[in-house]
Each structure stands twice: as structure tokens, then as C-alpha cells.
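J.: Generate a structure from the sequence data that follows.
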Amino acid sequence: MKKNIITSMIILTLLFSLCGCSTTVTDSNNLDTQKTNIDNDVSNITCNETLEKEISCTITTKGDYNKLALSFEQLLEDADLILKIKVKDTNAFVNDNGMIQTAITPTVLDVYKGVYNNEILYVNGGEMLYDEFIQNEITKKAISGHENPDGDEQYKGTYVRQIVDQQYIFNRGEEYIFFAQKRIDSGKYYSLYAYQGTFKIDNEMVKNSALNGEELLEKDICDIFNISSDVQNKKTSNLTSTVDFEFQIPEEEFVEKINNLK
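T.: Numbering: from 1, shown residues only. Here you go, the predicted structure:
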């Protein structure tokens, strides 16, 4: 099912207004992880002239979803594909709603559900060159009349990053267990229920930092894998601050549960 995520075009106007006027370097890692109604507070934007990886502007967006998985079993049932992948390549673009999305070319290491036929995988958010972002027709239309009066030279060669509900930014060489669903309208395979469907593998441990302690899905995962209530409470208590906790599950155990429940 297509996710109901709307990025206000006003956000793009604010993005370039802030970039053009602010010279204060702000900590872009201080991201709000609470989900609110997108009509009330769509995103938080920080623009910086010098940051690691030359990220000049960071857009953090909150989604308003018409459906999310309430349990690990539901996540498995609703997925058309469940894959273990290594990211071979990425290509970020601006979709029809003005949101950055990323097309992922995967090296598929294992298939746990479905049949993989060399499909490209898609996720919300990503990083793209400012030069390409500013030339996108949707972006240009959004900021028309609100251009940076000082020009854009200081941002050329840097990147714009958009983070949607704390979903991971995919990079080459990273490994994930990817739950995908085929969208009826486009035929493309997107991460299932957005941020819920991407589990990063690090040192043979599986994690998903985008889930928060109040979600039924995370509570179910914690119950299934015997993650202590103290850990869940710590996650819940940090909902309004930078995420500093990710549940970690041994990959072998995670995959075994997938095979047992699907």
C-alpha cells in the first residue's frame, strides 16, 4: 500500500530562505524523533556551510501514515519480498511530491520471501547534490520568488540530505534485511511501511533505530526476542532527543524467526 507521506512545498521555500540567510552552524544530529500530525509540524530544517561529508542542508520530515505494522508477524505477512542485501549503488531523486527518495541497486545475499528478479528497491529520504536538487523542476517551482539573494555558489558541490522518520540513509557497502512491498500504482518495490521495513546489519547484529518505544511493532519485537523492559523504557524516555539506543538482535536469531513465522 502506498504510504501517505506529504512534504509541504513550503518546506522547500524555508530551506532556501534559511540557507541564504543563516551563517550559524547548527548541530544537524539534534533530530526530533516524535511523530506528529504532518499538518501541524512537518519538519525541522538545519542548514550548515561546513559539515562532515559536505552536507549543506538537512531536512528532517515526519510522515502521517494511513497504515503501519502492529506486529512482527504482520510485517512478514504484508511483505512481498524479504531480502538480505548489500547496497551496491544508490541514486537519489526528487519525487512528484517534492520529497527526496533513493533508488537502491542491491546485491542480494539471501531471499527469505518472494522471488527476486533484479528489482530496484526504493526508500524515502536520501542525499543528493545541491546542484541537482536546486535544478529539479519541482524544487525550482517551489522556491520561485524566494531565491537566495546572495546566490548559491557557497553550496555548489555540497549535498542536501532528507531524513524521513529517522529511516536510515543508505550507503554503498551497507547490509540490510529489507522488507519490500510492490506498489500497485508504479510497480516499484518500496520499503514496507516506510521506516518499519528496513533493518540494518552491523557486526552480525540487526537493528532499526527508526522504531520508537511507543510503537506496538517495537514492543512486539522486544517481546519476541526477549529484549528487557529496561531497554524499552530507555528508548521511550528518549523520544524527544537524539536517538542514542537501537535494539540489537543477533542476525541468525532474527532470520530464524523470519523463517519460522512467514
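
J.: In three-state terms, label residue 74 for me.
T.: Counting by DSSP: H, G, I helix; E, B strand; the rest coil, the backbone at residue 74 sits in helix.

J.: so what's the residue lying closest to it once chain neighbours are set aside up against?
T.: Distances taken as Cβ to Cβ, 6 or more residues apart in numbering put residue 217 closest to residue 74, at 8.0 Å, once the chain neighbours are dropped. Just so you know, the C-beta spots here come from the backbone N, C-alpha and C atoms, and that holds for glycine as well. By Cβ atoms under 8 Å, 6 or more residues apart in numbering, residue 217 lies in contact with 68, 69, 70, 71, 72, 74, 75, 196, 211.

J.: Could you identify the most distant pair in those residues?
T.: Pairwise distances across the contacts of residue 217 peak at 13.8 Å for 74 and 211 (criterion: Cβ to Cβ).

J.: can you confirm the residue nearest to residue 74 is in a strand?
T.: No: in this structure, residue 217 is helix, not part of a strand, as judged by three-state DSSP.

J.: mind checking pLDDT for it?
T.: Per-residue confidence at residue 217 stands at 95 (pLDDT).

J.: what does residue 55 give?
T.: Note on residue 55: pLDDT of 90.

J.: and if you look at residue 85?
T.: pLDDT, residue 85: 98.

J.: Nearest residue to the most centrally placed residue in the chain in space, ignoring adjacent ones along the chain?
T.: Centroid-nearest residue in the chain: residue 167, 2.6 Å away (criterion: Cα atoms, centre = their mean). Spatial nearest neighbour of residue 167, excluding adjacent residues (Cβ to Cβ, 6+ apart): residue 195 at 3.9 Å.
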